[in-house]
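S.K.: here are the coordinates; sequence isn't available:
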């Protein structure tokens, strides 16, 4: 009996041990799940839940009209492996506000490549702007805290020039249009001397239609312009002008002869007695008066004028050789061919017919057809490439301190995605992220539109003969970051062709820009907006825990008692700064955004604007202030400030 009882007790003990082991195992599993869940949530709080990154390794060179090229993009998605990610991606034609091959798929692999065919317009010159986009959304579950989306953009400017065929059409059209305009101008000049109606207005209308084809880059159609009617009118006008000009020159010569004959007859009238040829000279005068007094067209009396001029000249040669001893004063003057008006005879008819002047046709000021400017279009609105507006400065988004120095720097800039996207409604084109490796250095300067870019001072550059290598370094001091920002700004100004930029800086990014202004000045800055910036430094628990996972050097510089804070506090920029102060959370003895107090964000010389928000558990307002779905006023301030003239 006792033996049987012992066996029962042993079995019972074994069962209790197995139950205990099972309970411990379940507890460990639950603890592991809870710990992992907590880890995932912590990464979510830090904004490291979902990230989309685009690389565009190929750079499309200049295309000719109608040419095509392949645009290659590589997309990398960083996310919680337990999350189901659905991504929509495609190529957007920003110039014509259309999309190409948009797909929405559940992403199984975190890396994928896409190729698109881009083409140059069939005519004209300019730049077409494409943009590759990826929008990803994670579905929230027990092991997936993603409740928002992540997006990325990559611009692809494609510049195009005339093809050889289009150049040929253009030169043919140029020769036709310029030559035809010159002919119409000549016809118009001839018409003022002619009674012919050449219908100049109709001729001008026909050429204007072809000039419009030219201005619309339709060189092929313009080159087909039929100039037959204008050519015929031109030839006829030249022939008519030749006749008109000949008649004018003949009549002008005849008029000179008539005036000369009239003067010579005055001499003879005073010498006829001395010459003893009164009857002959009176007969000459009578014949002259008869013809001249009844003539309406000089061309009709050309033979008479020449004959009369000859006869009068012969008599005058004889007369001036006469001698006299008791000559009258008028006879003496006539002999010297210096007759005074008082000696003129009224019996000789002076010629009253006027001749209309026929001028020379001017062919010097030739019509020159100007080449069409390159056209850049955005959202179906086209402007001349390079046309500048004073407020077309690019806008740069500068991130703050990374709580984890070991994660990708791209997580830091991702917080501006919604603001950047929404600003496109105000005409500021979302250019995605910009690094010194970005490959459109040649073309953005042609585009007369403002762009926005997310930039990061966490990247340094290693220049090699044939390449640029980006190196992530997140453990430097703020002075180093300010120097990197200078290099970024210089490149942004170069690629956009603008001499200034706008800045929107969050958190530590504002300190980076304040140090930038202190080191490099304010000449290349237009508008500066700070959002939740520790202008007077960090303190208390925030300062103590700052370097736990983040960069120690950054945290030391941000400390309220640091040399760095002391240095930048001595500099007062002349530039107007909009400073958004985040508040609404109770923080020990102050109010603020859960990380920074109101006082630490205040900037004496800035336009300080207070925004109220809430701190959700361990997720402070400091981290969520850029979520414009929740805090629309932040966007309105940024948008309004950027829109100011």
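M.R.: Okay, I see it. Source: prediction; values computed, not measured.

S.K.: give me every residue that touches the residue nearest to residue 375 when sequence neighbours are not counted.
M.R.: The spatial neighbour of residue 375 that comes closest, neighbours along the chain excluded (Cβ to Cβ, 6 or more residues apart in numbering), is residue 126 at 3.9 Å. C-betas here are computed from N, CA, C, even on glycine. Contacts for residue 126 were tallied using Cβ atoms under 8 Å, 6 or more residues apart in numbering; they are 159-160, 374-377, 385, 446.

S.K.: what's the mean pLDDT across the top helix by length along the chain?
M.R.: Criterion DSSP state H: the longest helix present in the chain is helix 228-275. Computed over helix 228-275, the mean pLDDT rounds to 90.

S.K.: helices or strands up against it?
M.R.: helix 164-191, helix 200-215, helix 278-292, helix 302-319, helix 329-335 (3 or more Cβ pairs under 8 Å, 6 or more residues apart in numbering; DSSP states H and E).

S.K.: pull the distance from that helix to the chain's centre.
M.R.: What separates the centre of helix 228-275 from the centre of its chain is 62 Å, taken as Cα atoms, centre = their mean, to the nearest Å.

S.K.: likewise for stretch 309-325?
M.R.: Per Cα atoms, centre = their mean, the centroid offset for stretch 309-325 relative to its chain is 84 Å.

S.K.: contacts for it?
M.R.: Residues contacting stretch 309-325 (Cβ under 8 Å, 6+ apart): 257, 260-261, 264-265, 267-268, 271-272, 274-275, 277, 280-281, 284, 288, 331, 334-335, 337.

S.K.: those residues, buried ones only, as a ChimeraX selection?
M.R.: To isolate the buried ones among the contacts of stretch 309-325 in ChimeraX, judged by 16 or more other Cβ atoms under 10 Å, type:
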select :257,261,264,265,267,268,271,272,274,275,277,281,284,288,331,334,335
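
S.K.: and residue 70, which of the three is it?
M.R.: The three-state label given to residue 70 by DSSP: H, G, I helix; E, B strand; the rest coil is strand.

S.K.: the closest residue in space to it that isn't next to it in sequence: neighbouring residues, count only.
M.R.: Leaving aside its chain neighbours, residue 70 sits nearest to residue 115 (5.3 Å; criterion: Cβ to Cβ, 6+ apart). Neighbourhood size, residue 115 [other Cβ atoms under 10 Å]: 11.

S.K.: swap in residue 584?
M.R.: Using other Cβ under 10 Å, residue 584 has 17 other residues around it.

S.K.: that one and residue 612 touch, don't they?
M.R.: Yes: assessed by Cβ atoms under 8 Å, residue 584 is found in contact with residue 612 at 4.1 Å.

S.K.: please name the nearest non-neighbouring residue to residue 107.
M.R.: residue 85 (4.5 Å).

S.K.: which of the contacts of residue 126 are buried? Put it as a ChimeraX command.
M.R.: Applying 16+ other Cβ under 10 Å to the contacts of residue 126 leaves a buried subset, and the ChimeraX line that selects it is:
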select :159,160,374,375,376,377,385,446
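
S.K.: out of the contacts of residue 126, flag the one nearest to residue 53.
M.R.: For the contacts of residue 126, the closest approach to residue 53 (Cβ to Cβ) belongs to residue 159, at 26.1 Å.

S.K.: isn't there a strand covering the closest one?
M.R.: Yes: according to three-state DSSP, residue 159 belongs to a strand.

S.K.: need the helices and strands packed on helix 228-275 in a markdown table (columns: mean pLDDT).
M.R.: Shown next, in a markdown table, are the helices and strands packed on helix 228-275 (pLDDT from 0 to 100):
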| stretch | mean pLDDT |
| --- | --- |
| helix 164-191 | 93 |
| helix 200-215 | 91 |
| helix 278-292 | 90 |
| helix 302-319 | 89 |
| helix 329-335 | 88 |
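
S.K.: adding distance to residue 130, write the ones you listed out as a markdown table.
M.R.: Below are the helices and strands packed on helix 228-275 laid out as a markdown table (distance: least, Cβ to Cβ, whole Å):
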| stretch | distance to residue 130 |
| --- | --- |
| helix 164-191 | 22 |
| helix 200-215 | 26 |
| helix 278-292 | 84 |
| helix 302-319 | 78 |
| helix 329-335 | 95 |
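
S.K.: now residue 193: phi and psi?
M.R.: Note on residue 193: backbone dihedrals following degrees, to the nearest 10 are phi -100, psi 0.

S.K.: which SS class is residue 628?
M.R.: Judged by three-state DSSP, the three-state class of residue 628 is coil.

S.K.: that one: neighbouring residues, count only.
M.R.: When counting by other Cβ under 10 Å, one arrives at 18 neighbours for residue 628.

S.K.: and the pLDDT for it?
M.R.: 94.

S.K.: mind checking how far it is from residue 418?
M.R.: Noted for residue 628: a distance of 5 Å to residue 418, by Cβ to Cβ, to the nearest Å.

S.K.: and what of residue 340?
M.R.: With distances taken as Cβ to Cβ, residue 340 is found 103 Å from residue 418.

S.K.: with neighbour numbers in mind, choose between these two.
M.R.: Remark: of residue 340 and residue 418, residue 418 carries more neighbours, 17 against 10, as counted by other Cβ under 10 Å.

S.K.: list the buried residues for stretch 477-487?
M.R.: Buried residues in stretch 477-487 (16+ other Cβ under 10 Å): 477-485.

S.K.: flag the least confident of the contacts of residue 126.
M.R.: pLDDT across the contacts of residue 126 is lowest for residue 446, at 73.

S.K.: got a list of what the closest residue in space to that residue that isn't next to it in sequence touches?
M.R.: Leaving out its chain neighbours, the residue that sits closest to residue 446 by Cβ to Cβ, 6+ apart is residue 385, at 4.2 Å. By Cβ under 8 Å, 6+ apart, the contact set of residue 385 is 126-127, 373-376, 446-448.

S.K.: and of the helices and strands packed on helix 228-275, who's closest to residue 239?
M.R.: Among the helices and strands packed on helix 228-275, the nearest to residue 239 by Cβ to Cβ is helix 164-191 (9.9 Å).
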